[in-house]
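J.: Could you work out the structure for the sequence below:
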Amino acid sequence: MTTPIEIKVNLDGDLVDVQTRLGCTNAAAISRDVWLAEPRRPAVGDAPAAGRIAIRLRSGEHDDLTVTLRACEKSQLVGRWATSFTDEEVRYRIERDWCGEGRVLSASLLSKRPPGSLRVAALRGEDVTEALDSAQRQFLVSCTPPGVAVDHLRAMGPVASTKWTKVHLGGLEVDAERWTVDDLDLFELALTITPLPGESPPALHDRAVEVQRRLHAAVRGYGLSIATETTKTEQVLTAMAAAASVHGE
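T.: Residues are numbered from 1 along each chain as shown. You can find the predicted model right below:
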């Protein structure tokens with residue numbers, strides 16, 4: 001199976017100006033609050049983790065909970081988790097994430113929830129794993145790296161998320177999303193390259209390389225600057241974990 005490729009670009013500078021230049025300021029947007037949680041990674045001497053597990057809760061007009069394993073190896077994705085699927089309960093996606101020169105495989109399982117329900121769970125400070133549905137629990141049991149205990153996790157946040165879809169940039173159509181929390185203010189552009197019928201992995205890779213080049217050129221053509229190659233989720237998790245460590249949490 002040829003895996004879709006999601007290309008991400010982080011923007012730097014005055015993000016109010018960024019929104020204006022991209023035509024987002026007066027455009028329709030989706031606003032939600034986001035909470036994140038991740039298990040403690042093994043200490044030195046423990047079994048090495050083959051990826052980073054993150055649990056994301058989003059609450060607004062529509063609530064959803066996503067469990068993501070990133071980066072992962074195909075060998076971890078066993079049984080039903082070897083291929084992407086969508087059913088009435090969940091949406092499961094395997095993608096290659098590109099951010100700058102970074103190239104990783106990720107697997108994510110999303111389930112929808114009643115509006116406001118995840119906000120209540122997050123604000124109560126409950127164990128986030130209690131909010132997982134049966135499919136997400138099965139995914140973690142089947143695919144979690146050895147040595148990572150996925151339990152008793154507290155949601156960190158909220159992060160204020162504003163998302164604009166179908167933003168036109170240099171002949172490309174991208175999603176734009178701004179995250180703000182504490183001293184962090186992040187702006188990310190993303191688009192997904194979906195395999196064409198019969199397209200081989202090398203052909204998809206070459207097409208994605210060209211789209212990434214065009215995206216970077218378009219960003220610079222708008223007078224915008226490309227920031228760090230680390231995704232916004234990774235930046236927020238790192239900052240929140242560091243803050244929790246300082247406060248002894």
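J.: hey, let's count contacts and neighbours off CA atoms from now on
T.: Fine.
J.: packing partners for the longest helix seen in the chain?
T.: In the chain, taking DSSP state H as the definition, the longest helix is helix 201-221. Secondary-structure packing of helix 201-221 (3 or more Cα pairs under 8 Å, 6 or more residues apart in numbering; DSSP states H and E): strand 5-12, strand 156-169, strand 225-226.
J.: any idea whether the nearest residue to residue 107 once chain neighbours are set aside is helix, strand or coil?
T.: Spatial nearest neighbour of residue 107, excluding adjacent residues (Cα to Cα, 6 or more residues apart in numbering): residue 94 at 4.4 Å. At residue 94 the chain is in strand, as set by DSSP: H, G, I helix; E, B strand; the rest coil.
J.: And residue 94, how close does it get to residue 142?
T.: Residue 94 is 15 Å from residue 142, where distance means Cα to Cα, to the nearest Å.
J.: for this protein, what spans make up the strands?
T.: For the chain, applying DSSP state E gives strands covering 5-12, 30-37, 52-59, 63-70, 85-86, 90-99, 102-113, 156-169, 172-181, 184-193, 225-226.
J.: Would you tell me which of the ones you listed gets closest to residue 202?
T.: Of all the strands of the chain, strand 5-12 sits nearest to residue 202, with 12.0 Å by Cα to Cα.
J.: ok, and what's touching the closest one?
T.: Here strand 5-12 makes contact (Cα atoms under 8 Å, 6 or more residues apart in numbering) with 18, 95-100, 186-194, 208, 212, 216, 224-232.
J.: still on that earlier bit, ok, now which ones touch the residue nearest to residue 107?
T.: For residue 94, the contacting residues are 3, 4, 83, 84, 105, 106, 107, 108, by Cα under 8 Å, 6+ apart.
J.: Let's have the residues you listed in TSV, adding distance to residue 178, pLDDT and neighbour count.
T.: Below are the contacts of residue 94 laid out as TSV (distance: Cα to Cα, whole Å; pLDDT from 0 to 100; neighbours: other Cα atoms under 10 Å):
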residue	distance to residue 178	pLDDT	neighbour count
3	27	95	19
4	23	97	21
83	30	96	16
84	27	96	16
105	23	96	19
106	22	96	20
107	23	97	27
108	21	97	21
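J.: ok so, going back, can you select the buried ones among the contacts of strand 5-12 for me in ChimeraX?
T.: If you want just the buried ones from the contacts of strand 5-12 in ChimeraX, going by 16 or more other Cα atoms under 10 Å, the selection is:
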select :18,95,96,97,98,99,100,186,187,188,189,190,191,192,193,208,212,216,224,225,229,231,232
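J.: Nice, that's everything, thank you.
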